[in-house]
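Visitor: just need the structure, nothing else, for what follows:
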Amino acid sequence: MHDRYAAYGLQLRSDFPLRGMTSELGDGLPSLQLELITPHELDSKWSAVEQPPLWSGRLGDGSELTIERGRRGETLFANGEIARYQLDPGGRRLACAPAEPGWAWQRTLLGKVLSSIGVMRGYEALHASAVDSPSGAVAIAAPTGTGKTTLALELMRRGWPLIADDVLALAPSPSGPVAYPGTPHMNLSLLSASPPPREVARTIALLDGDRWLVARRTAREPRPLRTVCLFARAPGLTLDVQRLPRSPLPLTPYMLGLQGDGERARRRFGIYADIADAAKLVRLTGPETARPSALADLVEHAVCGEPAAVPAGAER
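Guide: Residues are numbered from 1 along each chain as shown. I've put the predicted structure just below:
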């Protein structure tokens with residue numbers, strides 16, 4: 001018996017429950033089978049190779065994630081001492097081998113590994129949180145730690161369902177790029193923010209200084225990407241939102257992807273050029289003391305009407 005879910009444009013068939021997720025068919029999406037194995041079983045499957053990793057970096061919880069390609073074409077995701085995950089050469093079966101009990105390994109699986117596999121299966125991705133407005137998806141792109149999750153939660157409190165918290169999967173369409181829902185999970189620092197209202201999200205675990213949340217309302221279908229807010233918050237910045245010219249260049253710091261051939265790189269840049277043509281690009285700024293409600297007011301105005309500046313220091 002396999003549980004069925006959908007995330008990042010993939011139909012997931014899992015032989016173990018995914019924490020915080022509800023069953024969903026995902027018909028018509030590329031399929032990925034998830035199975036649970038032991039670290040010893042994974043060792044026997046891995047054809048290690050001496051070459052630089054495809055990608056290596058530190059996650060928000062401080063752990064390191066490394067992505068490597070084996071001699072037989074399989075892909076290994078190694079998350080420090082937490083877990084390893086191996087994708088078969090065809091990209092259709094993922095073996096998960098947690099090294100320790102608890103939920104940290106599933107958080108890495110749901111937040112990082114599955115989104116990376118979506119990119120490997122042909123989707124593009126933006127480092128952004130996203131919510132679903134009446135007119136379509138609204139992406140909030142910002143460096144880690146800026147507060148994009150807190151801003152997304154405020155917009156969700158106003159009735160806009162979550163699409164994705166940190167990685168937004170994208171695909172082209174004749175009318176412009178569409179955004180595919182990720183998982184319903186969100187990560188919120190225990191130090192920087194209070195818990196969201198219960199009607200917006202519920203806490204399912206406290207992990208490495210973060211509150212691991214599940215959103216109450218989420219988008220269930222792909223949505224056209226209509227607005228991208230490039231969000232910056234720092235001392236000295238005024239509370240402001242301004243429309244940007246139609247150019248993909250401001251999006252480049254937030255493009256996500258693994259090493260690929262020249263054709264894949266051209267297709268990747270092409271979808272971001274399509275975003276610039278089909279969606280509003282706005283720059284949202286504010287001081288570190290800016291209230292989420294004031295920032296959300298500006299986002300709503302940018303989505304529903306023409307952006308207008310708000311006087312510096314304005315409180316909402």
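
Visitor: can you tell me how far Asp240 is from Met120?
Guide: Distance, Asp240 to Met120, using C-beta to C-beta, to the nearest Å: 38 Å. Yep, even glycine has a C-beta here, placed from its N, CA and C like the rest.

Visitor: do Arg217 as well
Guide: From Arg217 across to Met120, the span is 29 Å (C-beta to C-beta).

Visitor: kindly report the same for Val282.
Guide: Taking C-beta to C-beta, one finds Val282 at 31 Å from Met120.

Visitor: which strands and helices sit next to the one helix or strand Leu206 maps to?
Guide: Using DSSP states H and E, the element containing Leu206 is strand 201-207. Counting contacts by 3 or more C-beta pairs under 8 Å, 6 or more residues apart in numbering; DSSP states H and E, strand 201-207 packs against helix 104-108, strand 210-215.

Visitor: what about the longest helix in the protein?
Guide: Identified as the longest helix of the chain according to DSSP state H is helix 262-278.

Visitor: packing partners for the helix or strand that comes right after that one?
Guide: Sequence-wise, the next helix or strand downstream of helix 262-278 (DSSP H and E) is strand 280-286. Strand 280-286 is packed against strand 223-233, strand 240-243, helix 292-304, with contacts defined by 3+ C-beta pairs under 8 Å, 6+ apart.

Visitor: which residues sit against the longest one?
Guide: The contact list for helix 292-304 (C-beta atoms under 8 Å, 6 or more residues apart in numbering) reads 133-135, 138, 140, 147, 150-151, 153-155, 158, 226-227, 229, 231, 239-241, 243, 280, 282, 284, 286, 307-308, 310, 314-316.

Visitor: any of these buried? List them.
Guide: In the contacts of helix 292-304, burial by neighbour count holds for 133, 138, 140, 147, 150-151, 153-155, 226-227, 229, 231, 239-241, 280, 282, 284, 286, 307, 310, 314, counting by 16 or more other C-beta atoms under 10 Å.

Visitor: strands of the stretch 1-150 of the chain, residue ranges please.
Guide: Along the stretch 1-150 of the chain, counting by DSSP state E, counting those that start in this stretch, strands occupy 3-7, 10-14, 31-36, 55-58, 64-69, 75-79, 83-87, 93-98, 124-133, 136-141.

Visitor: parallel or antiparallel, list what pairs with the fifth one.
Guide: Strand 64-69 has the following sheet partners, assigned by DSSP bridges: strand 55-58 (antiparallel), strand 75-79 (antiparallel).

Visitor: how far off centre is the shortest one?
Guide: To tie it back to what came earlier, the one meant is strand 55-58. Put simply, strand 55-58 sits 16 Å off its chain's centre (C-alpha atoms, centre = their mean, to the nearest Å).

Visitor: cool, the last one as well?
Guide: Relative to the chain's own centre, strand 75-79 is displaced by 18 Å; criterion: C-alpha atoms, centre = their mean.

Visitor: so which bits of that strand are buried?
Guide: Neighbour-count burial for strand 75-79 [16+ other C-beta under 10 Å]: Thr75, Leu76, Phe77, Ala78, Asn79.

Visitor: cool, stretch 93-109 as well?
Guide: Neighbour-count burial for stretch 93-109 [16+ other C-beta under 10 Å]: 93-98, 103-109.

Visitor: and Ile82, how far from Thr66?
Guide: Taken as C-beta to C-beta, the span from Ile82 to Thr66 is 12 Å.
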